[in-house]
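**Student:** sequence-free structure coming up:
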């Protein structure tokens, strides 16, 4: 409770310091959302649309009586959504002030006097306005005359483009809040791990219980996207289109800091996008889009657990907010607590010490705010902010017979993060819009660990990674000229950002405390970009085999002060030969700057005896090896990306859409050490000669040691004084731009929505991804296949679901498939079987019209119903998990219940 109160106070202080005040000025509001509206009576469809979008819809019941809406499935602008719902109804809509009024079209006159009429209803949450009937009878022209300036419905850009209303050439996957509820996900980390294009290695709470497996680790119980398995630092994660501070050391972003209740949807671009967003957007971009506003109060409680033990989850949340004529806001507070899954909880880990954490326990507090306010005519203020505090407990015993407090590592990582982004948007003449935004964000990870030997604390380490981000950006977008298929639109912008990282490590051995690491660094990045979208052919032209054709191009320039600059282009084409088929293609360049951790990794100089090497160095003398950050400035990692998509959405089969996408990424100049594990087998191999100095002079040895602040670590085991003239070789294992990766494959998606009887709806959704990938540590070294091998992404990852909806009940069944893999660590190769699970989720909505159970929902979830366990793997270290925790979960069967109640 004290931490929650403290969190709220700190959050309020951040908002106060931002100097932002919402002012009530009467202008219009607008929004865009993802919709899942089945064919249903038009009045109900309009109310569902209003609730999903937050737009006030005014209409008279007699206007919509007896009319049925078509399905509205997908992400649309408000304009597109309403046009779809009203198609063929003889009705149209007009925006006036802050409301959208439904009225008859000019060629569909009102009923004659004596026709039945009734009071008008407005659909905006639970509000009603009886004046709507009078306004709707006046018609669109009269309403326009009453308003000095009719407000255009705002078109919002989809992630992957800066141009409002532009169709994306890159493939975009959308996960709505409704999708997450139907999936039974506890947090956004669960949601992103369900995406077939995402690899669950890297930052994932389930990876080796917080230890290290296959080179992947879970330092602080965070969840970061890792598209195509190219690394969490090669996927850019945004919140409402803005960057936030990195998490820990790998430049990933902890997406689980945002509670699902505050999220409208996640849009994931599975294509390189540095030409639009800059560094890190190599494999793609994920954009967490917050709910724009909310009316009323909603309380949520979730409880569940794994039937085999552990993972007892409690989650409590309150969401509140309001909408008014000129703005709105939402505040979401969330508390969650998950108990650990220990080795003693699973039958297949009984050979480990029972205190080992397979999945760490955690406790998290978070607050999210999003708001918007029209200040004057055409000027709007937006604010996004969040604050998060998470503490975890990880236990790793280094013995199968002794617990962690006798021989092992006990750690308590804590993550404190926050972000504040105010922005101003101004409507310029000629349909242009300008925006000015600024962000301050911070992510502080404190890793408090104790290493026990023989039942006593041998080492205590307190490590802090404190990431910050300051940024400012000015953007403008609007029509540039008239093209054959409509207005060509241009987006331009530029800005500044400064990521920072402070690293401090304090170690205590016995009674001696030292600070082996205390470093702070930051980068100053200046950038500018432009993007152009040109529609050459419009559907209105009715050309044979050329339904529509749009070309877009983007370019971005980034300058890293004192280091280097980089320019990245991207081209896209969208071609629809008919209304049933769409072909999309993209090509572009992307890049990733070296992380601040890589720039500042401590240099180490180690002197080892020649007998540590096989073969030994010529001359037989000791070997000096140096490792850590590069001795010269690291250059950007560079990538070439491309996609080709074919989408089929036949008019003859309403609700059906199929799409196949071929993708490729060629990623070069990656930062790595040129040696796989160590240089112990590097002598005699000519491909390593560029990293080795044979028979160095004494001065070369001394000059190398002088570059290392900590000096020489002499591990030769001799009492003879160090003589630099006896060193037979110097090995340079420092970081440098030497590695390369290649990924290619196919993504498949399919959706089908259909009526299933009176007021019933049935929908099918499926997605699958096939991946081939390889990695080369440096030129001349073997190319290692990664996809399909242990601790790397499987070749296949798929998910399919069926949802049935009727009145107050929704049932969803899902099958998840994670492909098998080869264990190539030891001879002979051994096959590790695939991981197939089945989920079921039921959502029950109360039909009570008053009393406590009005607006009352219950959700029931059963995940991994058959309690599938991961296949076992071989281990030479007995205390490591006997399964691939990078790809396969130890959660087992999970049963949960969610209760949701809305007030006001």
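**Tutor:** That came through, no problem. Keep in mind the model is a prediction, meaning the values are calculated, not measured.

**Student:** Work out which residue lies at the spatial centre of this protein.
**Tutor:** For the chain, the residue nearest the mean C-alpha position is residue 286 (4.2 Å; C-alpha atoms, centre = their mean).

**Student:** Can you give me the distance of it to residue 644?
**Tutor:** Using C-beta to C-beta, to the nearest Å, residue 286 is found at 22 Å from residue 644. (Glycine included, C-beta is placed from N, CA and C.)

**Student:** Okay, helices next: where are they in the stretch 51-200 of the chain?
**Tutor:** Counting by DSSP state H, counting those that start in this stretch, the stretch 51-200 of the chain has helices at residues 61-64, 78-85, 132-137, 139-146, 177-183, 188-193.

**Student:** go on, the stretch 251-400 of the chain?
**Tutor:** Along the stretch 251-400 of the chain, counting by DSSP H, counting those that start in this stretch, helices occupy 274-277.

**Student:** confidence score at the residue nearest to residue 820 when sequence neighbours are not counted?
**Tutor:** The shortest distance from residue 820 to any non-neighbouring residue, by C-beta to C-beta, 6 or more residues apart in numbering, is to residue 834 (4.2 Å). The model reports residue 834 with a pLDDT of 98.

**Student:** and residue 834, how many neighbours?
**Tutor:** Using other C-beta atoms under 10 Å, the number of residues around residue 834 comes to 16.

**Student:** surely it meets residue 819?
**Tutor:** Yes - using C-beta atoms under 8 Å, residue 834 makes contact with residue 819 at a distance of 5.2 Å.

**Student:** what domains does the record give for this structure?
**Tutor:** Split into domains by automatic domain parsing, the chain comes to 31-146, 172-594+636-671+737-903, 600-633+674-734.

**Student:** Figure out which of those is closest to residue 162.
**Tutor:** Residue 162 lies closest to domain 172-594+636-671+737-903 among the domains of the chain, at 3.8 Å (C-beta to C-beta).

**Student:** First-to-last residue distance for the closest one?
**Tutor:** This stretch, domain 172-594+636-671+737-903, spans 35 Å end to end (C-alpha to C-alpha, to the nearest Å).

**Student:** begin at 6 from here
**Tutor:** In the new count, where the first residue is 6, that last one comes out as domain 177-599+641-676+742-908.

**Student:** what's the distance between that domain and the middle of its chain?
**Tutor:** Its chain's average C-alpha position is 3 Å from that of domain 177-599+641-676+742-908, according to C-alpha atoms, centre = their mean, to the nearest Å.

**Student:** can you list residues touching both of residue 839 and residue 824?
**Tutor:** Among the neighbours of residue 839, those also in contact with residue 824 (C-beta atoms under 8 Å, 6 or more residues apart in numbering) are 799, 801.

**Student:** if we can go back for a sec, which residues are in contact with the residue nearest to the centre of the chain?
**Tutor:** Neighbouring residues of residue 291 by C-beta under 8 Å, 6+ apart: 164, 197, 230, 232, 240-243, 260, 271-274.

**Student:** The same query, at a cut-off of 10 Å, please.
**Tutor:** 164, 178, 180, 193, 197, 200, 203, 229-230, 232, 240-244, 258, 260, 271-275 (C-beta atoms under 10 Å, 6 or more residues apart in numbering).

**Student:** who's it bridged to?
**Tutor:** Per DSSP bridges, the residues bridged to residue 291 are residue 242, residue 273.

**Student:** Over to residue 840?
**Tutor:** Judged by DSSP bridges, the bridge partners of residue 840 are residue 823.

**Student:** And the one 4 residues further on, by the same measure?
**Tutor:** Counting by DSSP bridges, residue 844 is bridged to residue 819.

**Student:** wait, doesn't it sit right on residue 816?
**Tutor:** No - counting by C-beta atoms under 10 Å, residue 844 does not reach residue 816; the two are 11.5 Å apart.

**Student:** The two: who's more crowded?
**Tutor:** residue 844 (21 against 16).

**Student:** hang on, residue 473 is in a strand, isn't it?
**Tutor:** Yes - the assignment for residue 473 is a strand, going by DSSP: H, G, I helix; E, B strand; the rest coil.

**Student:** Quick one: residues contacting it.
**Tutor:** Applying C-beta under 10 Å, 6+ apart, we find residue 473 in contact with 250-251, 445-449, 503-507, 527.

**Student:** Just the buried residues of these.
**Tutor:** Buried subset of those (neighbour count, 16 or more other C-beta atoms under 10 Å): 250-251, 445-449, 504-507.

**Student:** Quickly name whichever of those residues is closest to residue 633.
**Tutor:** Nearest to residue 633 out of the buried ones among the contacts of residue 473 is residue 506 (C-beta to C-beta; 15.5 Å).

**Student:** hang on, isn't the closest one packed against residue 256?
**Tutor:** Yes - taking C-beta under 10 Å as the definition, residue 506 is a contact partner of residue 256 at 9.5 Å.

**Student:** Common neighbours of the two, please.
**Tutor:** Listed as contacting both residue 506 and residue 256 by C-beta under 10 Å, 6+ apart are 472, 600-602.

**Student:** Most neighbours of all these, which one?
**Tutor:** So for the shared contacts of residue 506 and residue 256 (other C-beta under 10 Å), the most neighbours sit at residue 472, 26 neighbours.

**Student:** With adjacent residues omitted, what lies nearest to residue 636?
**Tutor:** Nearest residue to residue 636, sequence neighbours excluded (C-beta to C-beta, 6+ apart): residue 739, at 5.6 Å.

**Student:** got any residues that touch both of residue 844 and residue 816?
**Tutor:** Residues touching both residue 844 and residue 816 (C-beta under 10 Å, 6+ apart): residue 187.

**Student:** Next one, pLDDT for residue 776 please.
**Tutor:** For residue 776, the pLDDT comes out at 99.

**Student:** The residue nearest to it when sequence neighbours are not counted and residue 419: what is the separation?
**Tutor:** Leaving aside its sequence neighbours, residue 776 sits nearest to residue 750 (C-beta to C-beta, 6+ apart; 4.2 Å). For residue 750, the distance to residue 419 (C-beta to C-beta) stands at 38 Å.

**Student:** For those two, indicate the residue with more neighbours.
**Tutor:** Higher neighbour count among residue 750 and residue 419: residue 750, with 20 against 17, using other C-beta under 10 Å.

**Student:** what sits against that one?
**Tutor:** Neighbouring residues of residue 750 by C-beta under 10 Å, 6+ apart: 202, 233, 666-670, 774-778, 792, 798, 800-801.

**Student:** which of these are buried?
**Tutor:** Burial by neighbour count, 16+ other C-beta under 10 Å: within the contacts of residue 750 this picks out 202, 233, 666, 668-670, 774-778, 792, 798, 800-801.

**Student:** Inside helices: which ones of the residues you listed?
**Tutor:** Per DSSP state H, helices hold no members of the buried ones among the contacts of residue 750.

**Student:** Now, these that are in strands?
**Tutor:** Applying DSSP state E to the buried ones among the contacts of residue 750, the entries found in strands are 666, 668-670, 774-778, 801.

**Student:** As TSV, those residues with distance to residue 437 would be great.
**Tutor:** As requested, these are arranged in TSV below (distance: C-beta to C-beta, whole Å):
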residue	distance to residue 437
666	33
668	34
669	36
670	35
774	39
775	43
776	42
777	44
778	43
801	46
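
**Student:** and of those, the nearest to residue 900?
**Tutor:** Nearest to residue 900, judged by C-beta to C-beta, of these is residue 801 at 28.0 Å.

**Student:** residues in contact with the closest one?
**Tutor:** Residues in contact with residue 801 (C-beta under 10 Å, 6+ apart) are 201, 750, 773-776, 792-793, 822-825, 839.

**Student:** Touching, residue 42 and residue 51? I think so.
**Tutor:** Yes - contact between residue 42 and residue 51 holds when scored by C-beta under 10 Å: they sit 9.4 Å apart.

**Student:** which of the two has more neighbours?
**Tutor:** Taking other C-beta under 10 Å, residue 42 and residue 51 do not tie; residue 51 has more neighbours (28 against 22).

**Student:** Please check which residues sit opposite residue 737 as beta-bridge partners.
**Tutor:** Counting by DSSP bridges, residue 737 forms beta bridges with residue 631.
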